[in-house]
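Novice: Pasting a predicted model and its sequence here:
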4 protein chains.
Amino acid sequence: MNITVWCENYKQMREGRVKEAYPIGMGETIAAFLEKAGNKTTVVLQNEGDDGQQLTDEILESTDVLFWWGHCYHGKVSDELVKKIVRRVWKGMGIVFLHSAHLSKPFRALVGGPCTLKWREVAEKERLWFVEPNHQIFEGLEGEYLEIPHEEMYGEPFGIPQPDRLLAIGWFQGGEVFRSIAFFKRYYGKVIYFQPGHETYPVYQDPKIQKLLTNIAEFVKPDKWLTEIDCPNVQPLEPIEKSN
Amino acid sequence: MNITVWCENYKQMREGRVKEAYPIGMGETIAAFLEKAGNKTTVVLQNEGDDGQQLTDEILESTDVLFWWGHCYHGKVSDELVKKIVRRVWKGMGIVFLHSAHLSKPFRALVGGPCTLKWREVAEKERLWFVEPNHQIFEGLEGEYLEIPHEEMYGEPFGIPQPDRLLAIGWFQGGEVFRSIAFFKRYYGKVIYFQPGHETYPVYQDPKIQKLLTNIAEFVKPDKWLTEIDCPNVQPLEPIEKSN
Amino acid sequence: MNITVWCENYKQMREGRVKEAYPIGMGETIAAFLEKAGNKTTVVLQNEGDDGQQLTDEILESTDVLFWWGHCYHGKVSDELVKKIVRRVWKGMGIVFLHSAHLSKPFRALVGGPCTLKWREVAEKERLWFVEPNHQIFEGLEGEYLEIPHEEMYGEPFGIPQPDRLLAIGWFQGGEVFRSIAFFKRYYGKVIYFQPGHETYPVYQDPKIQKLLTNIAEFVKPDKWLTEIDCPNVQPLEPIEKSN
Amino acid sequence: MNITVWCENYKQMREGRVKEAYPIGMGETIAAFLEKAGNKTTVVLQNEGDDGQQLTDEILESTDVLFWWGHCYHGKVSDELVKKIVRRVWKGMGIVFLHSAHLSKPFRALVGGPCTLKWREVAEKERLWFVEPNHQIFEGLEGEYLEIPHEEMYGEPFGIPQPDRLLAIGWFQGGEVFRSIAFFKRYYGKVIYFQPGHETYPVYQDPKIQKLLTNIAEFVKPDKWLTEIDCPNVQPLEPIEKSN
């Protein structure tokens, strides 16, 4: 499976605490464990001033599953690229929105909600509870939750439509809860929102989180592609007796 | 309740078969029966070349429920207006997409799917079956279905996300079926898709259809408005003991 | 609206900590605030050895909404009574399962799951987050959560089917989360599961909880009754040409 | 995968039109094509007077997927067997309810609704439309619908809870529609209702229907088994500071 990892790359992503958490880069880290699991990966970094031109048609058209991490540059992504991504999801591409991608243009375009939430950054503990413990995304993970020692808090109400399936709920030390893993089907394509992953904590370095994301990629990968997004004019299958 | 009826007004809407079906105009007809039921209504016609400028901020900001019928001019509606409509739905405004509005920009933006379908125009019969017969939108309608003597066929697969509730399924004489009334919740706002209403047949002149649409307006009207679409930064509700 | 409150009445419900929390009795307390809100209420206590005979056909047949609190005597409720309750829900009666009623026979019969969960009784704090803050059951409650100072912990995974709507999620001091208010539609009837309410804490004495439960009664009350639960044999609506 | 096929075997199932449609028996026919597809199958026939004793604990405990066709003898199935089946589904067993099994005890116990419907037997045509065309159960089937030349009509309203996914809608020649393939998740187990299959028409002899049912078996097969159906008492994961 071809996985493309879109990752924002603002200046602070390459220094200080983020560099400590992700020495080779966050997008590169995600790609590395997905590659190790047997996938072919491409990393697309969104640098300052980029509108998404690096996610070329060629890359997009060969992508089976797209991971999307963004934060400061949501508004810079061109509407034209958003439309292309959305159409490819409708045709079957899986897509995984990570953490602050809740406000990204493609996520809002796909789910149709504001995707607003409460937040706080005090390095608190999160515990991610599996609501549907036998779902394939939790395969190989022991127990019924994952602990994340330090995470940014995201709290309800989360302005998403009711998901097709709610898969995990996050408990935060400071007193909030969050629908942390939610699945939405959008015609042929599968969409996952995945809350953990603030850039200053090494969340995606955790082997359990890596296993979970690898399973998620497997879950959202397309089984069948839609060939055309169109409204065909068709002949009657049964005789129409003219009445009047 | 303030209801605004958006109705496309391409040239043929004022002559020939459409004029026969709706002598005073389709938008005006819809507004008239909603007005008669006790609502305050405003009609906004989209003429050739209009991008939606007639749906002014003033009208939109005082609208509780928006009905939307469009067909040829979907692409002309400005993206800016679409954003305003979507945001007002998130805040609580009800919206009812009629018939060919399945491909309208606001509907696609709110549900996140392509909303494609099959179609055929041979004046065939449709029978609209109530799947959830005790839902408030069917109040006062006897029986378990409505018959529409002549309608354009819309057929599955319909490229919508799974609705929050499927309320009615259409049977077509020519052999197809369709999820004809579907409800989607989008944050504070309620969204209904309503399939009947091809412009060349007097569907909205039928008292039963008028009762159904009047009930639908009542169902989607806002009970509470969201004041701000934002992501507040909040303090912990519980003490955060620093661990490390 | 006629509300019947079914409440278990094992010996310890009338002494010690439960008596402190509910001097007049728990069922009587629930009935009192619902009565004060304008409803007509009947309390049915299940004493030791009772199989439900006090919930007579006469009471059940005049009940619009049934509240159900049970714990030790679930197994004593007769299967015949369960069938009657379930059928009345299918016909339109609203039903609210309180706290330990998650394992009651009628709840399991209506939702079709084991309804198992994790639990712990250490008088910890719960915070009940409103996931759908504009839902009518939260009308008149300020803020986005309720705090319950002492509650028995109920934790995920909760063995219920995916609810028709998830309305609130509980945060527990000890580290768990729970789908605390969940709505299920069962043909004409509305079913709510409501987690707070361990008998040794005065949860149902809290005016906010009382407001919430009063709103819930209003939400689940029947709008239309089904007359018959049957499978009618019907004539074709369209001519059937014999093919072969 | 071990598949058990439960099939009612009232006297008329072995003579006349049913014998013409299924010379070796209906249950045996279903088992034969599932066996051919690589599964290990067991047929359990329910003869007059049987209460289900042939579906022994040994067979049930080794069943991965259970197909259930019943009609006249629903009431004869013992409540004890129903409980065992339901518990095994909760633990992971897949179950497929065929046609008249809509009124079977295990189906009603699992979905929690009356499962009533309209019906008519005039050998009319049904067309089964795929609502979610890229779902794995439609893999290998060309087109967007299946035609069934002669079928008993089952019509809406169908007294089921809203399914977790609606997969197909049936169109009937006589004017009705039906939610013909519906999926329900019940804790670890997957439940499918499948409407086609009246005993006097050779529906299950159609290679396309056989392919569809073979895919369905694959879809509902358990991926993970629940070991215990219980409510564990657990220790706090976080310190509980005593407040008062």
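Specialist: Structure received.
Novice: Output the set of residues of chain A in proximity to chain D.
Specialist: A:92, A:127, A:132, A:134, A:136, A:139, A:164-165, A:173, A:185, A:188, A:223-224, A:226, A:237-238 (C-beta under 8 Å from any C-beta of the partner chain). (C-beta placed from N, C-alpha, C; glycine too.)
Novice: Who are the contact partners of A:Asn39?
Specialist: If you count contacts by C-beta atoms under 8 Å, 6 or more residues apart in numbering or on different chains, A:Asn39 has them with A:1-3, A:217.
Novice: just to revisit the earlier point, which two from the residues of chain A next to chain D end up farthest apart in space?
Specialist: In the residues of chain A next to chain D, two members sit farther apart than any others by C-beta to C-beta. They are A:Gln173 and A:Glu238, at 62.4 Å.
Novice: In terms of neighbours, single out the busier of those two.
Specialist: A:Gln173 (23 against 17; other C-beta atoms under 10 Å in any protein chain shown).
Novice: Identify the single longest strand in chain A, thanks.
Specialist: strand A:118-130 (DSSP state E).
Novice: Could you tell me the angle between that one and strand C:118-130?
Specialist: 150 degrees (axes from the mean of the first three to the mean of the last three C-alpha atoms, to 10 degrees).
Novice: List the first helix or strand encountered after strand A:118-130 toward the C-terminus.
Specialist: strand A:145-155 (DSSP states H and E).
Novice: tell me how far the helix or strand just after that following strand is from the chain's mean position?
Specialist: Using DSSP H and E, the helix or strand that follows strand A:145-155 in sequence is strand A:165-172. Relative to the centre of its chain, strand A:165-172 is centred 15 Å away, using C-alpha atoms, centre = their mean, to the nearest Å.
Novice: Can you name the residues in contact with strand A:165-172?
Specialist: Taking C-beta under 8 Å, 6+ apart as the rule, strand A:165-172 contacts A:124-132, A:135, A:137, A:151, A:153-155, A:177-183, A:195-196, C:156, C:162, C:166, C:169, C:171-172, C:175-177, C:179, D:164.
Novice: run the last query once more with 7 Å
Specialist: A:124, A:126-132, A:135, A:137, A:153, A:155, A:177-183, A:195, C:156, C:162, C:166, C:169, C:171, C:175-177 (C-beta atoms under 7 Å, 6 or more residues apart in numbering or on different chains).
Novice: quick one on the thing from earlier: any idea which of the residues of chain A next to chain D is least confident?
Specialist: Within the set of the residues of chain A next to chain D, pLDDT is lowest for A:Asp223 (89).
Novice: And the strands in chain A?
Specialist: A:2-8, A:40-46, A:65-69, A:94-98, A:118-130, A:145-155, A:165-172, A:177-186, A:189-194.
Novice: Of the contacts of A:Asn39, which ones also sit close to chain B?
Specialist: Applying C-beta under 7 Å from any C-beta of the partner chain to those, one finds that nothing falls near chain B.
Novice: can you put those residues in TSV and add neighbour count and pLDDT?
Specialist: Listed next are these as TSV, based on neighbours: other C-beta atoms under 10 Å in any protein chain shown; pLDDT from 0 to 100:
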residue	neighbour count	pLDDT
A:Met1	17	96
A:Asn2	15	98
A:Ile3	24	98
A:Ala217	23	98
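Novice: Tell me the spacing between the residue lying closest to A:Thr42 once chain neighbours are set aside and chain C.
Specialist: Nearest residue to A:Thr42 in three dimensions, chain neighbours excluded: A:Thr4, at 4.7 Å (C-beta to C-beta, 6 or more residues apart in numbering or on different chains). Going from A:Thr4 to chain C by C-beta to the nearest C-beta, to the nearest Å gives 31 Å.
Novice: on that earlier part again, mind giving me the packing neighbours of the longest strand of chain A?
Specialist: Secondary-structure packing of strand A:118-130 (3 or more C-beta pairs under 7 Å, 6 or more residues apart in numbering or on different chains; DSSP states H and E): strand A:145-155, strand A:165-172.
Novice: make it 10 Å
Specialist: strand A:145-155, strand A:165-172, strand A:177-186, helix A:207-220, strand C:177-186 (3 or more C-beta pairs under 10 Å, 6 or more residues apart in numbering or on different chains; DSSP states H and E).
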